[in-house]
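*Asks:* with the sequence up front, the predicted model follows.
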Amino acid sequence: MGSFPFIDGFPIVTSLTLVVGLVIIYLLLDGRRNQSSNRNQLGASPDSSHCECYKDNNDVSSSLELRKSSVDSQDASSKSSHNISDESEAVLRTSDDSSSLRPLPECLKIYKSSRDGCLALSDDEIISLVDANHIQARNLEKELKNFERGVVVRRKLIQRHTHVSEELSYKSYDYSKVFGACCENVIGFVGVPIGVAGPLLMDGQEYQVPMATTEGCLVASTNRGCRATYLGGGIRTRVVFDAMTRGPVVRFPSAIRATEALKWLENSMNFMKLKREFDASSRFARLLSVQSRVAGRFLFIRFSAKTGDAMGMNMVSKGTELALKILHADFQDMEILSLSGNYCTDKKPAALNWLDGRGKSVISESIIPSSVVQKVLKTSVTAIVELNIAKNLVGSAMAGSIGGFNAHASNVVSAIFIATGQDPAQNVCSSNCITLMEPWGDNGQDLYISCTMPSVEVGTVGGGTILSSQAACLKMLGLSGPNLSQPGHNARTLASVVCATVLAGELSLMAALAGGHLVTSHLKYNRSDSNIAASVASHQQRSSLQTSLPNLCVPSKVQHKHVDDEQKITMNVIDLPTECKQS
Ligand code: ADP
């Protein structure tokens, strides 16, 4: 006891009472201190740049604490502690507790009078203001000054009409890059697996190509194509044309007047007038040509321009709008019906893009030695070349295809587009491709393959390229953002990567088809385990029946080799993820 001088001279009971009392007071003070430090931490969270950090919907206590914190800091100087706790209590209500919902007029008053507007209201109170048209649902992020909370409240709004599962992800996403740029009415985001194919040896450089897909086998197959071309010395590419297009439709009182405008546009002095105006609209837009067609009173004008590293639709639209004003000055009876008259042509199949190109026109080529054709691709040059003619040329011609003279270019195009933040809808024309194959070398023992893609619409700035994951995929390729020293170089290289990877994909799938491995491999990779055994067995049964049918593409010697190999290939396919892809 001597070591506790403050109790000297007190009876022991009094001393104990004093100690217990002091401990209680200490604990109470400590509790208050923790509370206030929690508030400070939340206020200083990394999200505070957007506004107050709002945790997630399930973490009611955190959100309540935040709203209390907001009120605290707002009124700390002017209110007594009693007032603060009163107001906090009024604000602190769970959003699920509808009985504590304040009446609409009171919510409206708080929303209009409070400096923080919505922040002093619960989610359900905000929803009541949305229902009463005082707040627009599309503006929730702006009103709440918090992207994630905006998303949470919108999900609650939608929840009343349909089930929005927690499995639809929405937490911890950088919505600041989405809002006002990439998507509206946001309720979350969908994760797509990213696989990597590579190394892709292209123009002397190695690339690891990110591919976003849910189709099993696609990445494995493309990877095999990368390996085969790597062993053959790589793929060479060239971008032969680079211009984004916009094709407005205008109307005149007569076909004669439309024709006069057409003639006006063909005059080189007039073209320069348009170009001056067009080029002034951006540091990167450079008008290259104007191509027009008349249909009755309608005139379609296709403006083609370089757009640097941007895919360029916005840029060309802006320039086109200004150029049309110049035309209008000389043709005041011209009506501009639409800035896009489908003569662009964007996101729709069109022979025009196939013939004249749109975006980047790219060619890739490679020579695959016979040993690689046999060992890696597990087919023969004769078989794959004959199949290419039968399927990709004759078959597509018989189907009346425009730009579809390939096995599955769109598979690779879409996967790279999604991974790197391109507009997936532009897969339509970007997948235009003709795949050509020839026997190569003195005795035709090697394989020459090329892919010609006239309309690859890509960019490394703007659109979805700004989103974190997509930008990360572009970084993997060393192609993120603008190329400062050579504007346009990054976008053109990305187009080359697309075309070279398409070549790898074409090679692998065509080999799988020529070798007859497609279905077995596909079943292995693209189905759940429980389905595989039965499906493979039934396919093998069917395959053995097919051996008795004549095969017009594959010489019988080659065909029998593949049939003999099929069991082995089926067994190997999991260890060697190389065969197949569904076309
Ligand atoms: P798009 O025309 O593909 O829809 P945006 O016009 O939305 O793309 O985005 C392009 C923006 O990026 C423009 O504001 C442009 O000035 C800017 N920018 C910066 N550097 C470059 C570059 N190297 N190439 C093209 N645009 C660039």
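*Replies:* Structure received.
*Asks:* which residue ranges of the stretch 351-500 of the chain form strands?
*Replies:* 359-368, 404-405, 433-440, 446-456 (DSSP state E, counting those that start in this stretch).
*Asks:* out of those strands, which gets nearest to the ligand?
*Replies:* strand 359-368 (10.2 Å; Cβ to the nearest ligand atom). (Each C-beta comes from the backbone N, C-alpha and C, glycine too.)
*Asks:* got a markdown table for the strands of the stretch 351-500 of the chain, with mean pLDDT too?
*Replies:* A markdown table is the format used below for the strands of the stretch 351-500 of the chain (pLDDT from 0 to 100):
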| stretch | mean pLDDT |
| --- | --- |
| strand 359-368 | 98 |
| strand 404-405 | 98 |
| strand 433-440 | 98 |
| strand 446-456 | 98 |
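*Asks:* take the ones you listed and write them to CSV, including distance to the ligand and mean neighbour count.
*Replies:* Output for the strands of the stretch 351-500 of the chain, formatted as CSV (distance: least, Cβ to the nearest ligand atom, whole Å; neighbours: other Cβ atoms under 10 Å):
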stretch, distance to the ligand, mean neighbour count
strand 359-368, 10, 24
strand 404-405, 26, 22
strand 433-440, 22, 21
strand 446-456, 14, 25
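*Asks:* up against the ligand, what does the stretch 251-400 of the chain have?
*Replies:* The stretch 251-400 of the chain has residues 282, 283, 284, 307, 308, 309, 310, 311, 312, 313, 314, 315 near the ligand, with proximity defined as Cβ under 6 Å from any ligand atom.
*Asks:* the third one: what secondary structure?
*Replies:* Read that as residue 284. Secondary structure, DSSP: H, G, I helix; E, B strand; the rest coil: residue 284 is coil.
*Asks:* renumber starting at 805 from here on
*Replies:* Fine by me, first position is 805 from now on; the one you just mentioned is residue 1088.
*Asks:* leaving out the residues flanking it, which one is nearest to it?
*Replies:* Once flanking residues are discounted, residue 1088 sits nearest to residue 1112: 3.3 Å by Cβ to Cβ, 6 or more residues apart in numbering.
*Asks:* how about the second one?
*Replies:* Leaving out its chain neighbours, the residue that sits closest to residue 1087 by Cβ to Cβ, 6+ apart is residue 1112, at 7.7 Å.
*Asks:* compute the distance between the residue lying closest to residue 1163 once chain neighbours are set aside and residue 936, please.
*Replies:* Nearest non-adjacent residue to residue 1163, counting by Cβ to Cβ, 6+ apart: residue 1261, 3.6 Å away. According to Cβ to Cβ, to the nearest Å, residue 1261 and residue 936 sit 44 Å apart.
*Asks:* more neighbours: those two, which one.
*Replies:* With neighbours defined as other Cβ atoms under 10 Å, residue 1261 and residue 936 compare such that residue 1261 has more, 28 against 12.
*Asks:* may I have the residues that are in contact with the more buried one?
*Replies:* 1048, 1115, 1162, 1163, 1164, 1226, 1227, 1230, 1233, 1234 (Cβ atoms under 8 Å, 6 or more residues apart in numbering).
*Asks:* again, but for residue 1070
*Replies:* Here residue 1070 is in contact with residue 1096 (criterion: Cβ under 8 Å, 6+ apart).
*Asks:* got a pLDDT number for it?
*Replies:* Residue 1070 carries a pLDDT value of 98.
*Asks:* about what we covered before: can you add distance to residue 1308 and give the strands of the stretch 1155-1304 of the chain back as a markdown table?
*Replies:* Formatted as a markdown table, those follow (distance: least, Cβ to Cβ, whole Å):
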| stretch | distance to residue 1308 |
| --- | --- |
| strand 1163-1172 | 8 |
| strand 1208-1209 | 17 |
| strand 1237-1244 | 11 |
| strand 1250-1260 | 9 |
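*Asks:* out of these, which comes closest to residue 1183?
*Replies:* strand 1250-1260 (9.3 Å; Cβ to Cβ).
*Asks:* could I have that closest one exported to CSV, CA atoms only?
*Replies:* Taking Å, rounded to 0.1, in the frame of the first residue of the first chain, the C-alpha atoms of strand 1250-1260 are listed here in CSV:
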residue,chain,number,x,y,z
ASP,A,1250,6.1,-24.5,-94.4
LEU,A,1251,3.0,-22.4,-93.8
TYR,A,1252,2.4,-18.7,-94.8
ILE,A,1253,-0.5,-17.1,-93.0
SER,A,1254,-1.8,-13.5,-93.2
CYS,A,1255,-4.7,-11.6,-91.7
THR,A,1256,-6.0,-8.5,-93.3
MET,A,1257,-8.2,-6.3,-91.2
PRO,A,1258,-9.3,-3.0,-92.9
SER,A,1259,-11.4,-1.5,-90.0
VAL,A,1260,-9.9,-1.9,-86.6
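*Asks:* now that strand against strand 1163-1172, angle please.
*Replies:* Strand 1250-1260 runs at 170 degrees relative to strand 1163-1172, counting by axes from the mean of the first three to the mean of the last three Cα atoms, to 10 degrees.
*Asks:* residue 1312 against residue 1183, yeah?
*Replies:* No - using Cβ atoms under 8 Å, residue 1312 is not in contact with residue 1183; the gap is 10.2 Å.
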